[in-house]
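A.B. asks: with the input below, show me the fold.
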Amino acid sequence: MGFGCNAAGVVGCRIISSPRERLMAILTNSFVPCNGRFPFLITIATIFIAGSIQGFGGSIVSTITVMFVILLGIFMTLVISKILSKTILKGLPSSFVLELPPYRKPQFGKILIRSIFDRTLFVLGRAICVAAPAGLVIWIFANVGINGESLLNIIANFLNPFASLMGLDGYILTAFIFGIPANEIVLPIILMCYLGNGSLVNLDDTFAIGNILVQNGWTILTAINVMIFTCLHFPCTTTLLTIKKETGKWKWTILSFVIPTVCGIILCMFTTFVYNIFITL
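C.D. replies: Residues are numbered from 1 along each chain as shown. Now for the predicted structure:
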């Protein structure tokens with residue numbers, strides 16, 4: 001379910017009877033990209049992977065690249081689950097017992113109502129509560145400044161040295177931070193920063209997006225690290241609020257924020273280090 005929406009995936013963990021394994025599933029749910037992250041992954045792969053290879057082979061290679069990022073997320077889910085099971089969530093694994101109940105004709109009305117109110121409206125309500133104030137905050141940071149420089153640019157310049165270690169730039173890292181309300185707005189924030197607009201930019205032309213990114217210093221290394229960090233970074237606010245609701249403790253919510261983010265930072269730094277070694281050879 002996390003491939004559709006990480007918040008819905010967290011809610012879906014209710015079916016796991018073991019509290020220890022339920023927490024493990026909740027903490028690692030955001031390692032798989034949701035629908036909000038897939039368009040960004042596909043756009044970057046299309047521009048920098050498919051665009052560098054002529055013919056139909058480019059589409060195949062870009063598809064394989066996106067699949068590799070997904071498999072990376074699944075692999076990290078297994079690795080972190082193993083680490084958690086040996087540390088803070090140490091314990092004996094539970095056995096899976098499936099008891100088949102007597103077959104009854106489904107009551108479609110009850111199923112529909114329960115799925116809407118227990119799942120859809122629950123997640124959408126939290127998303128709406130987050131999205132409205134988030135849009136206002138982004139607008140303020142983009143339009144209010146000090147000495148003629150917007151607060152968004154000041155933050156980006158401050159983050160730039162650390163972002164460089166990850167093979168990114170300050171604007172990209174700023175976009176991920178301000179994109180915490182919804183992963184869909186990360187790319188519009190990046191474009192807004194590069195173009196100097198005071199509002200979110202949403203371009204449908206992949207070629208135009210590619211030109212803007214390349215003109216602002218994006219390379220194949222930048223694209224790879226952006227794809228890695230898109231898959232491995234903190235969950236959106238809706239997912240974090242859902243984790244708090246499901247676990248009842250801020251401790252697990254903070255861990256669900258920190259664990260994927262640290263993994264993404266380390267992997268981006270590693271790929272940058274390896275890339276720089278090959279460049280100097």
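
A.B. asks: pLDDT weak spots in this structure?
C.D. replies: Across the chain, residues meeting the criterion (pLDDT under 70) sit at 55, 92-99, 111-132, 198-199, 201-202.

A.B. asks: what about the helices in it?
C.D. replies: Along the chain, the stretches classed as helices by DSSP state H are 6-12, 19-28, 38-48, 56-86, 108-115, 121-143, 151-165, 170-178, 186-195, 206-215, 220-231, 237-247, 250-280.

A.B. asks: burial check on Lys245, number of neighbours?
C.D. replies: Residues lying near Lys245 (other CB atoms under 10 Å) number 14. Just so you know, the C-beta spots here come from the backbone N, C-alpha and C atoms, and that holds for glycine as well.

A.B. asks: oops, could you answer that again for Asn157 instead?
C.D. replies: By the criterion of other CB under 10 Å, Asn157 has 14 neighbours.

A.B. asks: thought it was touching Gly170?
C.D. replies: Yes. Between Asn157 and Gly170 there is a contact under CB atoms under 8 Å: 5.8 Å.

A.B. asks: OK, contacts around Ile224?
C.D. replies: Gly167, Thr271 (CB atoms under 8 Å, 6 or more residues apart in numbering).

A.B. asks: mind checking how far it is from Lys90?
C.D. replies: Distance of Ile224 to Lys90, given as CB to CB, to the nearest Å: 35 Å.

A.B. asks: related to what we said a few turns ago, which of the helices of the chain sits most buried?
C.D. replies: helix 6-12 (a mean of 25; mean count of other CB atoms under 10 Å).

A.B. asks: dump that one to CSV, restricted to CA.
C.D. replies: Below are the C-alpha coordinates for helix 6-12, written out as CSV (Å, rounded to 0.1, in the frame of the first residue of the first chain):
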residue,chain,number,x,y,z
ASN,A,6,2.9,5.9,2.6
ALA,A,7,0.2,7.3,5.0
ALA,A,8,-2.3,4.6,3.8
GLY,A,9,0.5,2.0,4.1
VAL,A,10,1.0,3.0,7.7
VAL,A,11,-2.7,2.7,8.4
GLY,A,12,-2.6,-0.7,6.7
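
A.B. asks: work out the gap between that helix and the centre of the chain.
C.D. replies: Helix 6-12 sits 14 Å away from the centroid of its parent chain (CA atoms, centre = their mean, to the nearest Å).

A.B. asks: and stretch 190-201, by the same measure?
C.D. replies: When distances are taken as CA atoms, centre = their mean, stretch 190-201 is centred 20 Å away from the chain's centroid.

A.B. asks: again with stretch 246-266
C.D. replies: 13 Å.

A.B. asks: spit out the contact partners of the closest residue to His233 other than its chain neighbours.
C.D. replies: Here the nearest residue to His233 in space, its sequence neighbours aside, is Gly264; by CB to CB, 6 or more residues apart in numbering that works out to 4.7 Å. Contacts of Gly264 were listed using CB under 8 Å, 6+ apart, and they are Ile228, Phe229, Cys231, Leu232, His233.

A.B. asks: not counting its neighbours along the chain, what's nearest Leu168?
C.D. replies: Of all residues apart from its sequence neighbours, Asn225 sits closest to Leu168 (CB to CB, 6+ apart), at 5.7 Å.
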